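> Mind looking at a prediction? Sequence and model below.
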Amino acid sequence: MLFRSPCFFFAHRSELLEQAQATMDRAGVKGIALSVFQKDFSSQGGREGGLCIFDEAHHAVASSWKNVQSQFHGPAVAITATPDRMDKQRIQSAGFTEVFQISIRDLIKQGFLVRPMAQKLAVSICDNILESHDDALTMTARSVVDEFYRYGRKKAMVFLPSVECSRRFSAELRAIGMSSSHLDGTSGKLRSIAVDAFKKGESQFLCNVALFTEGFDCPDVDCVILLRE
């Protein structure tokens, strides 16, 4: 099917939108990446017939997605790697019908995903202790760096229990001599600068709480560190 109107790609985070726009531009697709949090799309041409792609579509039950659907009337496709929501709501309630599904096991077999290797740290600390005690944070940071070098890793994403804990943990990593950035929803313009530096290999660690749990595109990340319950 040939669409003369542009393809509209909707997502809820700036990194996802930037990735999608860059991919469409490289592929020669007449596409526009738009935030689902935009309220008014009346100035956007092609709303009646353009193909609408909803990324991370398990969020489609939210009011922001419904607002988009009320203003765009072309064919719609929903895609997500995590269709199951904690509140048990399903994307079918947003008007979508499941047409294709593939398992993580099959994606690994086909080479689209890597087979994960899990390793416990030498320390075992709960969220409250990690957030409340500087010595626990320092000890954990040193253990992380030891394991990072032990397995010859190059680039790691670190998930922590709170914004303040993430900020302090990133500072501990820098104190040890590692290059690290902390990012959260208030990072502003520094967010895109830090993400770009991380993707280019100028930073070894990217610390956050849950900012990069969905759709973040950085294939050469070879380590994910989970320091939250």
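Now that the structure is in, tell me what you want to look at. Numbers count the residues shown, from 1 in each chain.
> if I look at residue 110, how far off is residue 225?
With the distance defined as Cβ to Cβ, to the nearest Å, residue 110 ends up 27 Å from residue 225. Using the backbone N, CA and C atoms, a C-beta is placed for each residue, glycine as well.
> the more surrounded of these two?
The neighbour comparison of residue 110 against residue 225 (other Cβ atoms under 10 Å) goes to residue 225, with 20 against 9.
> looking at this, the more buried one is in a helix?
No - under DSSP: H, G, I helix; E, B strand; the rest coil, residue 225 falls outside any helix and is assigned strand.
> Leaving out the residues flanking it, which one is nearest to it?
For residue 225, the nearest residue in space outside its immediate sequence neighbours is residue 158; the separation is 4.5 Å by Cβ to Cβ, 6 or more residues apart in numbering.
> dump the residue contacts of that neighbour.
Neighbour list for residue 158: 144, 166, 169, 170, 205, 206, 207, 208, 225, 227 [criterion: Cβ atoms under 8 Å, 6 or more residues apart in numbering].
> Assign a three-state SS to it, would you?
Here residue 158 is strand, with the state taken from three-state DSSP.
> how much space between it and residue 66?
Taken as Cβ to Cβ, the spacing of residue 158 relative to residue 66 amounts to 34 Å.
> for residue 225, same thing?
Distance of residue 225 to residue 66, computed by Cβ to Cβ: 36 Å.
> what's the answer for residue 78, then?
According to Cβ to Cβ, residue 78 stands 13 Å off from residue 66.
> what about residue 15, how many neighbours?
Residues near residue 15, counting by other Cβ under 10 Å, number 20.
> hang on, isn't residue 145 packed against residue 176?
Yes - in terms of Cβ atoms under 8 Å, residue 145 counts as a neighbour of residue 176; the distance is 5.5 Å.
> so where's this protein shaky on pLDDT?
1-4, 83-94 (pLDDT under 70).
> Mind checking what secondary structure residue 191 has?
helix.
> same check, this time on the one 3 residues further on
With three-state DSSP as the basis, residue 194 sits in helix.
> Relative to residue 156, how far out is it?
Look at residue 194 and residue 156: by Cβ to Cβ, they are 14 Å apart.
> Quick check: which element contains the closest residue to residue 31 other than its chain neighbours?
With Cβ to Cβ, 6+ apart as the measure, residue 24 is the residue that lies nearest to residue 31, at 3.6 Å, once sequence neighbours are left out. With elements taken from DSSP states H and E, the one containing residue 24 is helix 14-27.
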